[in-house]
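A.B. asks: any chance you could fold what I've pasted below:
(one chain, ligands or ions: 1)
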Amino acid sequence: MSTFPRPGTLAAEARALLDRLGVPAAALSGSLSVRSPLTGETIASIAETDAAGATAAIGQAHEAFLAWRAIPGPRRGELVRLLGEELRASKADLGRLVTIEAGKITSEGLGEVQEMIDICDYAVGLSRQLQGLTIATERPDHRMMETWHPIGVVGVISAFNFPVAVWSWNAALAFVCGDSVVWKPSEKTPLTALAVQAIFEKACARFGGVPAGLSTLLIGGKAVGEALVDDKRVPVVSATGSTAMGRAVGPRLAARFARPILELGGNNAAIVCPSADLDLAVRAIAFAAMGTAGQRCTTLRRLIVHESIYDALLARLKPAYASVKVGDPGAEGTLIGPLVDAAAFAGMQRALEAAKAQGGTVTGGARVTAEGLPEAYYVRPALVEMPGQTEVVKEETFAPILYVMRYSDFDAAIALQNDVPQGLSSSIFTNDLREAERFVSVTGSDCGIANVNIGPSGAEIGGAFGGEKETGGGREAGSDSWKAYMRRATNTVNYGRTLPLAQGVTFDVG
Ligand code: NAD
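C.D. replies: Take a look at the predicted model:
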């Protein structure tokens, strides 16, 4: 039995959370309406940043960078350590605010804050490991090395569906790398951004002497995002959102030779092979396809199943789809919260109609009416059996739709997995070593993430996160992603008394 949030309570709850998290009351008045997808109600109205405000904030961030870059890396790490501590102390309140503003179920809201804590811990260690190489030089009495320097102001543009974690993936690294950060959160989720800013300021107060403007917020939509994208004082812009957004932002950054970190749409697949452990596969598929109401960039959207196990797998997935609890994401037992808004619901219905027209058989997908909440959009997740990978299957629809297709030949299954414009995440379920190794090899999945016997979603921060093709090519979080937040200098030092030129070139003057 589904439960839904009561109308008329969330504005007061959000206000109390923001107060406890340290957001000043003055920040909570203005023209930008913030609605909660839980009830569809407006829960706050906050001030937007205008063009002059954006210019001033970026200017201040640039000044902050000039001071911050001179602080030693391990000391910069201490600020991020304190940020992690403050996040630990605020986890329950910030997690609940993520639920209210983005619609995530409680464990996913808390999980998103845990991800912020994890990247802070990671970045603290990194602050002592910003290492360059010493390189063999062909010239006698010379030394060649590379050094990594802070680069400047890092612009962060984020999407509604990870309203706080995306900032931290970028900001924790940027701070230890010696950069300042200007953040333009989604206009759909600015309250969580205000809360994160307040938490950051608590860490700054404990650290003492942090230059003003080391981290600032630009509140608003596309226009203020463009101001950040076009500002020459911002050498790196990390932009997370739809491929349509990346198509607009990418060329503008290229026009001024800024460094893009683009984290765009995904259309993630899983191949289920004859030897797969179906118990494990069903659980992994359920979380990856239905979790976060299908609103993760890494959500499983395409299932490619060997014909010999197709009926057996579908016979287990259908009851899971039919029984999963949809409703109040804060209620015990709910696994699917609301879609973010009416446009998301309309997009889902359009895709289901197109799938039917292209030969698909749809199970589920209907709206779940929530009494007294006409502006909240709860849906049953949809399983859609498709005769092949038609046009609609190749698009990312940001909703819980899983297209299921059959395969008979393994090479054809890999080709199908790769035959979409996006290249974010992928997985294979198999106990056949050859299939598993082939999938993660050069002739296997073409995605930035390729998993074996786990679903495509739910990445850890230790690996580099991002994808290829229309996903944009950016990498964030772990591995050597930090290098994108620094500039590299190659230094050659001559400690001898002669001047040998490289490649044997001679140039003797006088
Ligand atoms: P969106 O593209 O509508 O908005 C994302 C952000 O970009 C918002 O802050 C928005 O204001 C800003 N923006 C939009 N147009 C802009 C422009 N021309 N210039 C500057 N800023 C602009 O995306 P959304 O609906 O918030 O999020 C869902 C999308 O994000 C999905 O496509 C999802 O796959 C993608 N996503 C990708 C990742 C990833 O890491 N690859 C992570 C999360 C979400």
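
A.B. asks: spell out which residues of the stretch 301-450 of the chain are next to the ligand.
C.D. replies: Glu396, Phe398, Leu424 (Cβ under 6 Å from any ligand atom). Backbone N, C-alpha and C define where each C-beta goes, glycine included.

A.B. asks: wait, doesn't the last one sit right on Asp446?
C.D. replies: No - distance between Leu424 and Asp446: 10.5 Å, which falls outside the contact criterion (Cβ atoms under 8 Å).

A.B. asks: what residues are shared contacts of these two?
C.D. replies: Glu468 (Cβ atoms under 8 Å, 6 or more residues apart in numbering).

A.B. asks: still on that earlier bit, just the ones of the residues of the stretch 301-450 of the chain next to the ligand in strands?
C.D. replies: Among those, no member falls in strands (DSSP state E).

A.B. asks: any idea which helix or strand carries Cys120?
C.D. replies: helix 106-126 (DSSP states H and E).

A.B. asks: so what touches the next helix or strand after that helix?
C.D. replies: Later in the chain than helix 106-126, the nearest helix or strand by DSSP H and E is strand 134-135. Strand 134-135 has contacts (Cβ under 8 Å, 6+ apart) with Arg143, Met144, Met145, Glu146, Thr490.

A.B. asks: partner residues bridging the last one?
C.D. replies: On DSSP bridges, the residues paired with Thr490 through beta bridges are Glu146.

A.B. asks: is it true that it touches Glu146?
C.D. replies: Yes - between Thr490 and Glu146 there is a contact under Cβ under 8 Å: 5.2 Å.

A.B. asks: for Val23, what are its contacts?
C.D. replies: Applying Cβ under 8 Å, 6+ apart, the residues contacting Val23 are Leu191, Leu194, Ala195, Gln197, Ala198.

A.B. asks: give me the subset of the residues you listed that lies in helices.
C.D. replies: The members of the contacts of Val23 that map onto helices under DSSP state H are Leu191, Leu194, Ala195, Gln197, Ala198.

A.B. asks: isn't Asp328 right up against Thr9?
C.D. replies: No - in this structure Asp328 lies outside contact range of Thr9 using Cβ under 8 Å: 11.3 Å.

A.B. asks: between these two, point out the one with more neighbours.
C.D. replies: Set side by side, Asp328 and Thr9 show more neighbours around Asp328, with 25 against 13, by other Cβ atoms under 10 Å.

A.B. asks: close to the ligand: what parts of the chain are there?
C.D. replies: Proximity of the chain to the ligand, by Cβ under 6 Å from any ligand atom, involves residues 157-162, 184, 186-187, 221-222, 225-226, 229, 240-242, 245, 248-249, 263-266, 297, 396, 398, 424, 471.

A.B. asks: quick revisit: can you say which of the contacts of strand 134-135 are buried?
C.D. replies: Neighbour counting with 16 or more other Cβ atoms under 10 Å marks none of the contacts of strand 134-135 as buried.

A.B. asks: and of the residues you listed, the nearest to Ser29?
C.D. replies: Distance to Ser29 across these (Cβ to Cβ) is lowest for Glu146, with 49.6 Å.

A.B. asks: the closest one touches Arg487, doesn't it?
C.D. replies: No - contact criterion Cβ under 8 Å: Glu146 and Arg487 do not qualify, at 10.6 Å.

A.B. asks: find the residue closest to Tyr122 in space, skipping its chain neighbours.
C.D. replies: In space, and not counting its chain neighbours, Tyr122 is closest to Ile461: 5.7 Å by Cβ to Cβ, 6 or more residues apart in numbering.

A.B. asks: does the residue positioned nearest the centre of the chain count as helix, strand or coil?
C.D. replies: Closest to where the C-alpha atoms of the chain average out (Cα atoms, centre = their mean) is Val166, at 4.9 Å. Of the three states, Val166 takes helix under DSSP: H, G, I helix; E, B strand; the rest coil.

A.B. asks: was I right to think it contacts Ser158?
C.D. replies: Yes - between Val166 and Ser158 there is a contact at 4.2 Å, judged by Cβ under 8 Å.

A.B. asks: which neighbours do these two have in common?
C.D. replies: Joint contacts of Val166 and Ser158 (Cβ under 8 Å, 6+ apart) are Thr240.

A.B. asks: ok so, going back, pick out whichever of Leu424 and Asp446 has more residues nearby.
C.D. replies: Counted by other Cβ under 10 Å, Leu424 and Asp446 do not tie: Leu424 has more neighbours, with 29 against 17.

A.B. asks: what's the helix or strand where Val80 lies packed up against?
C.D. replies: Using DSSP H and E, Val80 sits within helix 73-102. Packing partners of helix 73-102 (3 or more Cβ pairs under 8 Å, 6 or more residues apart in numbering; DSSP states H and E): helix 10-21, helix 106-126, helix 165-176, helix 190-207.

A.B. asks: buried sites along that helix?
C.D. replies: Buried-residue list, helix 73-102, by 16+ other Cβ under 10 Å: 73, 76-84, 86-87, 90-91, 93-102.

A.B. asks: got it, and stretch 393-406?
C.D. replies: Buried residues in stretch 393-406, counted by 16+ other Cβ under 10 Å: 393, 395-406.

A.B. asks: what's the first-to-last distance across stretch 464-478?
C.D. replies: Taking Cα to Cα, to the nearest Å, the first and last residues of stretch 464-478 lie 5 Å apart.

A.B. asks: distance from it to the middle of the chain?
C.D. replies: Put simply, stretch 464-478 sits 9 Å off its chain's centre (Cα atoms, centre = their mean, to the nearest Å).
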